[in-house]
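Enquirer: got a structure for you, letters missing:
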């Protein structure tokens, strides 16, 4: 909101006539005290009051006997009855160098196109040193020590000389990543702080590359909305310093570690050196957004790696149930009831509270309990980040289900931790809770609030590996398989034969459907054979009326066979044409032709009933028919 | 239609004739099991071996003999018998587990660096016997022929419609599976190293340089066989010649 108002103020300031601005603006300079001792600091405030203002921080005139530096600005804008009023205060810290009486001349404040001036101010510096508290907490090597404002905190400072690591050769801005201790115990908290030192109007834009902290459990401290800033001197130069990020690290294993701190991204607006170098340090833009129309330059800052040593936890005095907790803790335990029935649950709640890596704390081991079934019901943890210390509470709920009636005890649970400050192990115990178990016929059931939750059911675990037992029955499935196999094997053979026959028949049918003469010729013999069987039946009959039928059938069969063989019409064929065909194939002088003709004559006789035909004639007729078929079949081959 | 009914009836009759009750296994098997149960593994092993001589196609005998061998500390013999049991009964989970357990006790192991599709194909084929693969082909051929016969008898234009295309594809697939199984069983024959230490050489003679050494129980694929030597391939792609007396083929 402040930012919006500030931008709005700039906008209104641009629109407002400059002549009005100068008329309505007042500038005053005040000192926090008029008399100081050598080395003591005094605060100078320059307040500019008016309607709307877009102001640069004024440059202080040269003041002998004092080191001066800019420590920030504060803005206040109000709208009352449609009229805006602004109030901007620029703060400076003056550190006296030697005794004497000094006058701070009029300070020029440019407002629009006009320049306003403050009234001159005098200040007395008396002899004698100021208290040690005013000394610089930053031991800067290789450059003269200069006093710094007492507002600089005495803690959280790098344990060693701050070295200016320039960004691209520019030592006006750098980042120092530092840890509060170079040697810690395993799982003991370590504080990693990123301190940004700058002489520019700077905007912190986060991390370009996160720190490489493998081997550490990390908890990040939330960044405050208003980052605390301070002014420090490094290598004879004044910087604004701000801790932009803090991490709590918990080393997981002992050893020597090198933390690569990553790289930070900032944008800066370059300003000329001198007092105005701190022009916008404490403007709203610092770490929050920057001037609205300012041209800014991006920088990547790479702090140097950090070396540290992680000591193993001492073996001496390590309790049996120690599970790696390091810090300072206390334990409380409560039982929800002290009288239960058999197979009813009773819940023990255990709370571990203190400073340390609370997330990695495990539930104290339960002793072997024969009279109870036990289940882990619930685990909760809350993390607190107070100051620079990580701590919190972790609670465990354990459900005990007594199996037998009578008096019983929920045994004490032991929680052990290593206290790195006292360099010793501490073991805490919960009380011994007596309970009374009343008789119940109810059989054991998983408590309702636990049933259906897989995590509360005990996992079946394999305790040993061995081969599985022999099989004592011979499966009949292989015999069954053999039979199925046999069925399909022979079934396939049978089906294949049937299929082949049907396939051949089908092909034959296709051929015959295209050529009827071929069908008659090919089927003539089988038709003749069928007729012959019929004739044999008739010939075996002794009835005289069957003699006529026999010769009638014999003539028809003979004629059909000859007609089929030479594709003659079975119904329109004449005796003459038959004789011609047979003569053409047998030869006119062939004696069999004469037999055939004699047979036809005999058939005629039988048909017209000229005299009785002897039984032997039937045999002769059959013989002639058979021989005719045989001769013609041989001829065709 | 009448002819079709007769055909089906004939097939059903032949099936019922073939399916006769299986004979019960004799007391030798029970005795062997009792010996195993009481811890007399040596006697159990000899009884199981006798049973195998009588009935070499019963998977349970090989499995139980494998168990007795493992109990006696003969890992390579145990592995060989588990492999044989799996040839006859490839889906015997107990045999698979025990084979895996026995392999875990070996001194040597070989990485499987075959391509994933070879591994997958090998695994799929290992879940069926060669006869099962052939039965698949027989069943598809049966259906194929039956549908052809129905076509000839009923005169319906079944041929080369979608159904027959599907059956034909099945026939192809079944043929491929059967061929794969044939390749697995007959072309790349499995064998187990039976000696405690086995040297694989670059050639089939003692004069050739040693390529690698293996321990008992390692599974190899026999690629080639001479009078005294066999060329074997490992799953890691290495191959070498070993003496025939050092290995035993997994065959029934």
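Expert: Nice, thanks for sending it over. From a predicted model like this one, the values you see are computed outputs, not experimental measurements.
Enquirer: which bits of the stretch 101-250 of chain B sit near chain A?
Expert: Counting by CB under 8 Å from any CB of the partner chain, the residues of the stretch 101-250 of chain B close to chain A are B:101-102, B:104, B:131-132, B:134-135, B:138-139, B:141-142, B:145-146, B:148-149, B:152-153. No exception for glycine: its C-beta is placed from N, CA and C like everyone else's.
Enquirer: in strands only, show me those residues.
Expert: Members of those lying in strands (criterion: DSSP state E): none.
Enquirer: any of the residues you listed buried? List them.
Expert: B:101-102, B:131-132, B:134-135, B:138-139, B:141-142, B:145-146, B:148-149, B:152 (16 or more other CB atoms under 10 Å in any protein chain shown).
Enquirer: mind listing what's buried along stretch A:245-261?
Expert: A:245-252, A:254, A:257, A:259-261.
Enquirer: which one of those is nearest residue B:83?
Expert: residue A:252 (46.6 Å; CB to CB).
Enquirer: and the closest residue to residue A:413 other than its chain neighbours, its phi and psi?
Expert: Nearest residue to residue A:413, sequence neighbours excluded (CB to CB, 6 or more residues apart in numbering or on different chains): residue A:364, at 4.2 Å. Residue A:364 adopts backbone torsions of phi -60, psi 140, taken as degrees, to the nearest 10.
Enquirer: any idea how far residue A:364 lies from chain B?
Expert: Distance, residue A:364 to chain B, using CB to the nearest CB, to the nearest Å: 37 Å.
Enquirer: just checking, that residue touches residue A:414?
Expert: Yes: taking contacts as CB atoms under 8 Å, residue A:364 lies within contact range of residue A:414: 5.6 Å.
Enquirer: residues contacting the residue of the stretch 151-252 of chain B found nearest chain A?
Expert: Using CB to the nearest CB, the single residue of the stretch 151-252 of chain B nearest to chain A is residue B:152, 3.8 Å away. Going by CB atoms under 8 Å, 6 or more residues apart in numbering or on different chains, residue B:152 touches A:499, A:502, A:503, A:505, A:506.
Enquirer: swap in residue B:134?
Expert: Here residue B:134 is in contact with A:485, B:178 (CB under 8 Å, 6+ apart).
Enquirer: can you pull the pLDDT of it?
Expert: At residue B:134, the model reports a pLDDT of 87.
Enquirer: what's the answer for residue A:50, then?
Expert: pLDDT, residue A:50: 74.
Enquirer: quick check: beta-bridge partners of it?
Expert: residue A:86 (DSSP bridges).
Enquirer: if we can go back for a sec, format the buried residues of stretch A:245-261 as a markdown table; extra columns: distance to chain B and pLDDT.
Expert: Below are these laid out as a markdown table (distance: CB to the nearest CB, whole Å; pLDDT from 0 to 100):
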| residue | distance to chain B | pLDDT |
| --- | --- | --- |
| A:245 | 47 | 84 |
| A:246 | 49 | 86 |
| A:247 | 43 | 85 |
| A:248 | 45 | 87 |
| A:249 | 40 | 88 |
| A:250 | 39 | 88 |
| A:251 | 37 | 89 |
| A:252 | 32 | 84 |
| A:254 | 35 | 89 |
| A:257 | 36 | 89 |
| A:259 | 39 | 88 |
| A:260 | 37 | 87 |
| A:261 | 42 | 88 |
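Enquirer: which one of those is nearest residue A:495?
Expert: residue A:252 (73.6 Å).
Enquirer: and the closest one, what does it touch?
Expert: By CB under 8 Å, 6+ apart, the neighbours of residue A:252 are A:186, A:187, A:215, A:216, A:217.
Enquirer: run the last query once more with 10 Å
Expert: Residues in contact with residue A:252 (CB atoms under 10 Å, 6 or more residues apart in numbering or on different chains) are A:186, A:187, A:214, A:215, A:216, A:217, A:310, A:324, A:357, A:360.
Enquirer: number of residues surrounding the residue of the stretch 51-200 of chain A found nearest chain B?
Expert: At 35.9 Å from chain B, residue A:186 is the closest residue in the stretch 51-200 of chain A, using CB to the nearest CB. Residue A:186: 18 surrounding residues under other CB atoms under 10 Å in any protein chain shown.
Enquirer: give the contact list for it.
Expert: A:250-255, A:310-313, A:324, A:326, A:418, A:420.
Enquirer: adding secondary structure, write the residues you listed out as JSON lines.
Expert: Below are the contacts of residue A:186 laid out as JSON lines (DSSP: H, G, I helix; E, B strand; the rest coil):
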{"residue": "A:250", "secondary structure": "strand"}
{"residue": "A:251", "secondary structure": "strand"}
{"residue": "A:252", "secondary structure": "coil"}
{"residue": "A:253", "secondary structure": "coil"}
{"residue": "A:254", "secondary structure": "coil"}
{"residue": "A:255", "secondary structure": "strand"}
{"residue": "A:310", "secondary structure": "strand"}
{"residue": "A:311", "secondary structure": "strand"}
{"residue": "A:312", "secondary structure": "coil"}
{"residue": "A:313", "secondary structure": "coil"}
{"residue": "A:324", "secondary structure": "coil"}
{"residue": "A:326", "secondary structure": "strand"}
{"residue": "A:418", "secondary structure": "strand"}
{"residue": "A:420", "secondary structure": "coil"}
